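>>> The following comprises the amino acid sequence and a computationally predicted model.
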Amino acid sequence: MTKFPMTVQGARALEEELRHLKTELRPQITQAIAEARELGDLKENAEYHAAREQQGMVEARIRDIEGRLQNAQVIDIANITPTGKVIFGTTVDIANVETDETVTYQIVGDDEADIKKGKLSVSSPIARALIGKEEGDVVAVKTPSGVVEYEIVEVRHV
């Protein structure tokens, strides 16, 4: 089975969500179903059907998280010797060569990616162009609006 890269922080976040779903949400839903059953006729019991639907969604999310964690290759960047190159888990400052606009991204796994938080998927075109490069290198990234060149300003091994 294929393993997918994930940072330690990403694995912790999924484990915390899984704990919350199993220890807090699941018992609440079970209680809501029990209370709805006591109300009588289940065919026309909206509370019962809503609780069952919520239970199905929570159980699906639990299975999804367990599968992601099972197939994760957790990479702890702290255990990797800094080389100055962009690798999975590093934080990189890049500047658009034309506009001089600087942005900061951390290269993370697909499940952790959130562009608004500066977390860039390792499989994204920008990350693929950056991997293996060093400070001062200029990379060309194909975008829908054409090729954009970025200069790597700084690579941080956080």
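Nice, thanks for sending it over.
>>> any idea which residue sits dead centre in the chain?
residue 112 (1.2 Å; Cα atoms, centre = their mean).
>>> a strand runs through it, doesn't it?
No: going by DSSP: H, G, I helix; E, B strand; the rest coil, the assignment for residue 112 is coil, not a strand.
>>> neighbours around the residue nearest to it when sequence neighbours are not counted, how many?
Nearest residue to residue 112, sequence neighbours excluded (Cβ to Cβ, 6 or more residues apart in numbering): residue 10, at 3.8 Å. Every C-beta, even on glycine, is put in place using the N, C-alpha and C of the backbone. Neighbours of residue 10 under the rule other Cβ atoms under 10 Å: 23.
>>> Mind telling me what element residue 10 is part of?
helix 8-20 (DSSP states H and E).
>>> elements contacting whichever helix or strand comes after that helix?
Counting by DSSP H and E, the next helix or strand C-terminal to helix 8-20 is helix 26-38. If you count contacts as 3 or more Cβ pairs under 8 Å, 6 or more residues apart in numbering; DSSP states H and E, helix 26-38 packs onto helix 46-70.
>>> What lies in contact with the helix it packs on?
4, 6, 11, 14-15, 17-18, 21-22, 25-26, 29-30, 32-33, 35-37, 39, 42, 111 (Cβ atoms under 8 Å, 6 or more residues apart in numbering).
>>> Just the buried ones among these, please.
6, 11, 14, 18, 21, 25, 29, 32-33, 36, 111 (16 or more other Cβ atoms under 10 Å).
>>> neighbours around residue 65, how many?
Residue 65 has 19 nearby residues by other Cβ under 10 Å.
>>> Distance of it relative to residue 21?
Relative to residue 21, residue 65 is positioned 7 Å away (Cβ to Cβ, to the nearest Å).
>>> which neighbours do these two share?
By Cβ under 8 Å, 6+ apart, no residue touches both residue 65 and residue 21.
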